[in-house]
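*Asks:* Below: sequence and its predicted model.
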Amino acid sequence: MTIALIITLIVFGIILLILEILVLPGLISGIVGVMLMITGVLWMYSSQGSTAGHITLACTAATSGAAILYALKSRAWERFGLKGHLEGKSVSTAGLPISVGDEVITMSALRPMGTILAGDHKAEAETTGEMVDAGSTVIIVKITPNKIIVKPKPNN
C-alpha cells in the first residue's frame with residue numbers, strides 16, 4: 001500500500017508540474033507538484049531505505065525531465081494558445097489639423113482619457129490629471145505621435 005501511495009504522489013506531482021508549464025499560470029500547481037514529488041521521494045527513503053530512495057529519486061528526475069521534454073517537443077501547448085492575431089494599428093496624430101494651444105471641444109468625459117473633436121476629426125486625448133466633462137472646452141498642451149494631452153480651459 002505504501003509504495004502505491006508513493007508512486008501516486010510522484011505521478012500526480014509530475015502531472016501538476018507539466019500542467020503548470022503548459023496550461024496553468026501562477027506557480028501554485030507547479031509548487032504543489034514539486035512538493036508532492038519531494039514528499040514521495042522522501043517517504044520512499046524513510047520507509048524502504050536508501051537504495052529504494054535513490055532509485056525512486058533517479059526515476060522521478062528522469063521521468064519528470066522526459067515528460068517535460070516530450071510535452072514541449074510535441075507542441076501540445078499550442079492547442080491551448082490563441083491562434084488569432086491583431087490587425088489594428090496604434091492611433092496616429094500625424095494627419096490631424098491641430099497644434100499646441102488650440103482650443104477643442106470634448107465629445108466624451110475625459111477621466112483622464114476620452115474623445116475630443118478637432119475640426120471634423122475625432123481623436124483620443126488625455127488630460128494632465130483633471131477630470132473634464134463632455135462638451136467642455138480644453139486647450140491642447142502637447143502632441144506626441146500617438147497621444148494628445150489637453151488641460152481644461154480656465155474660466156475667465
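*Replies:* Yep, that arrived. Since this is a predicted model, take the numbers as computed values, not measurements. Residues are numbered from 1 along each chain as shown.
*Asks:* so the most centrally placed residue in the chain, which of the three states?
*Replies:* By C-alpha atoms, centre = their mean, the mean C-alpha position of the chain lies nearest to residue 25, the distance being 9.1 Å. Here residue 25 is recorded as coil under DSSP: H, G, I helix; E, B strand; the rest coil.
*Asks:* Pop out the phi and psi values for it.
*Replies:* Per-residue torsions, residue 25: phi -90, psi 160 (degrees, to the nearest 10).
*Asks:* what do you get for residue 117?
*Replies:* Backbone phi and psi, for residue 117 under degrees, to the nearest 10, turn out to be phi -110, psi 110.
*Asks:* wait, what's in contact with it?
*Replies:* For residue 117, the contacting residues are 104-107, by C-beta atoms under 8 Å, 6 or more residues apart in numbering. Every residue, glycine included, has its C-beta placed from N, CA and C.
*Asks:* hmm, try it at 6 Å
*Replies:* With contact taken as C-beta atoms under 6 Å, 6 or more residues apart in numbering, residue 117 is in contact with 105, 107.
*Asks:* Could you report the separation of it from residue 137?
*Replies:* 11 Å (C-beta to C-beta, to the nearest Å).
*Asks:* same question, residue 36
*Replies:* Here the criterion is C-beta to C-beta. By it, residue 36 lies 64 Å from residue 137.
*Asks:* Settle it for me: which of these two has more neighbours?
*Replies:* Relative neighbour count places residue 36 above the other of residue 36 and residue 137, with 20 against 13, counting by other C-beta atoms under 10 Å.
*Asks:* Count the residues that sit near residue 63.
*Replies:* Neighbour count of residue 63, defined by other C-beta under 10 Å: 14.
*Asks:* What are the buried residues along the helix ranked longest in the chain?
*Replies:* Longest helix of the chain, by residue count under DSSP state H: helix 50-73. By neighbour count on 16 or more other C-beta atoms under 10 Å, the buried set for helix 50-73 is 53, 56-57, 60, 64, 67, 71.
*Asks:* by contact count, what packs against it?
*Replies:* helix 2-22, helix 28-48 (3 or more C-beta pairs under 6 Å, 6 or more residues apart in numbering; DSSP states H and E).
*Asks:* Could you provide those helices in TSV, with additional columns for mean pLDDT?
*Replies:* Output for those, formatted as TSV (pLDDT from 0 to 100):
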stretch	mean pLDDT
helix 2-22	91
helix 28-48	94
